[in-house]
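Chemist: Sequence and predicted structure below; questions after.
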Amino acid sequence: MSAPNTASPAAPATHLPPPPLHNPWRAALWMTGAITSFSAMAIAVRELKGAHDTFEIMAARTAVSLLIELVAPSATGRLREVSAQRLGGHVLRNAIHFTGQNLWILAVTLIPLAQVFALEFTTPIWVLLLSPFFLGERITALRLLAAVLGFVGILVVARPDVGGVNLGMAAAAASAVCFALTGITTKVLTRRESIVSIMFWLTLLQLVFGLAMALWDGVVRWPTAASWPWLVLIGITGVVAHFCLTSALRLAPASFVMPIDFARLPLIAVAGAVLYGEAIDAAVLLGAAIIFAGNYINVWAETRRVRG
C-alpha cells in the first residue's frame, strides 16, 4: 500500500513581473516617450478650456484609456496579469494621483504652460526627499546635484513671481507634491505588480473617481463633436505617458527617473510660444541647457555605478 500523498497542493500560478533590471539608459529612453505624451496631453487640455470642467475631462480621458487597457492586454494575452491582491495599494496610489491630476488640469487652464510645468517640476525634489523614507533609496551627492541643477534651470526659465501667487500657481504647486507621492507608490507597486496590472487599476479607478465627481453636482456637459477628438487624444497620451513612466521606474530608481522629466519644460515652453503666443526668450535656452546638464550628470552617475 502506497503512502498517502502528504505534499502540499501546488500554489496557484501567479503572474508576477520579472525582477526589475537596472538600465538607466533604457529608463531615460522610456522617459522620452513620457515627456512627449505629457506635453501633448497639456496642449489637448488647453484646447478644451471652457468646454468641460476638470472632473469631466478626467472621466472622459479614463473611459478612453480603459478601452485601450482592456483591448491591448487581451490581444497580447497579458490581461491575466491583472491582480487584486494589492488593491489597497492601487486605491491609495490612484486617490493621490487623481487629486494631483485634477489640480494640474486646473492649473493648465489658468496660467501659462511653462509656468505650470515649472511648478510641477518641484516633484523630483519631493521624490528625492521622500524616497529614503518610503523606498530606502540613497540620496547620493550626484543625484542631489542633478536635481538641484534641474530646479535651477526651471527657475531660470520660469522666473516665478513669489508675490503674485494665484489659484493656478497654487494648484500647480500642490499637484507636484501629489505626483511625487504617486511616483513613490508606483515604485513600491512595481516590486510586486506587472505594468499591465498597474495600468489597468490606474484607468479603472480614475474612471470611477472621475464619474463620481463629475456627477456630484448633477450638471454634466457631454462631449461634443468639437471636444471628442481632444478628449480621445488626452486618453491615448495618458496611457502612453504612464506606461512609459512605469517602465522607466522598473529600470532605475525613482530618484534617478523623475529628474529626467525636467526636459519637458523647454519643450512645452516652445509649444506654448508657437501655439498660444506665450513669451519665450533667451532664458528658456539657458534654463534648458542647465536642465540637460543635470540630467546628463544623473544618467552618467547611474551608469558608472552599475558598471562599477
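Modeler: It's in. Residues are numbered from 1 along each chain as shown.
Chemist: CA only for contacts and neighbour counts going forward, please
Modeler: Noted.
Chemist: Which residues are in contact with the residue positioned nearest the centre of the chain?
Modeler: What sits nearest the mean C-alpha location of the chain, by C-alpha atoms, centre = their mean, is His242, with 5.5 Å. Neighbouring residues of His242 by C-alpha atoms under 8 Å, 6 or more residues apart in numbering: 34, 199.
Chemist: could you say which helix or strand contains it?
Modeler: Using DSSP states H and E, the element containing His242 is helix 228-251.
Chemist: gap between the helix or strand just after that helix and the chain center?
Modeler: Counting by DSSP H and E, the next helix or strand C-terminal to helix 228-251 is helix 254-260. Chain-centre distance of helix 254-260: 11 Å, with C-alpha atoms, centre = their mean, to the nearest Å.
Chemist: Going by contacts, tell me the helices and strands next to helix 254-260.
Modeler: In terms of contacts (3 or more C-alpha pairs under 8 Å, 6 or more residues apart in numbering; DSSP states H and E), helix 254-260 is packed against helix 24-47, helix 123-134, helix 141-158, helix 167-190, helix 282-307.
Chemist: wait, which of the ones you listed is closest to Gln206?
Modeler: Set against Gln206 and scored by C-alpha to C-alpha, the helices and strands packed on helix 254-260 come closest in helix 167-190, at 13.1 Å.
Chemist: Can you spell out which helices and strands pack onto that closest one?
Modeler: For helix 167-190, the packing partners by 3+ C-alpha pairs under 8 Å, 6+ apart are helix 87-108, helix 113-120, helix 123-134, helix 228-251, helix 254-260.
Chemist: In CSV, list those helices along with distance to Trp30 and mean pLDDT.
Modeler: Compiled in CSV, those are given as follows (distance: least, C-alpha to C-alpha, whole Å; pLDDT from 0 to 100):
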stretch, distance to Trp30, mean pLDDT
helix 87-108, 20, 92
helix 113-120, 19, 84
helix 123-134, 17, 80
helix 228-251, 5, 88
helix 254-260, 10, 77
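Chemist: Out of the ones you listed, flag the one nearest Leu285.
Modeler: Closest approach to Leu285 among those (C-alpha to C-alpha): helix 113-120, 12.8 Å.
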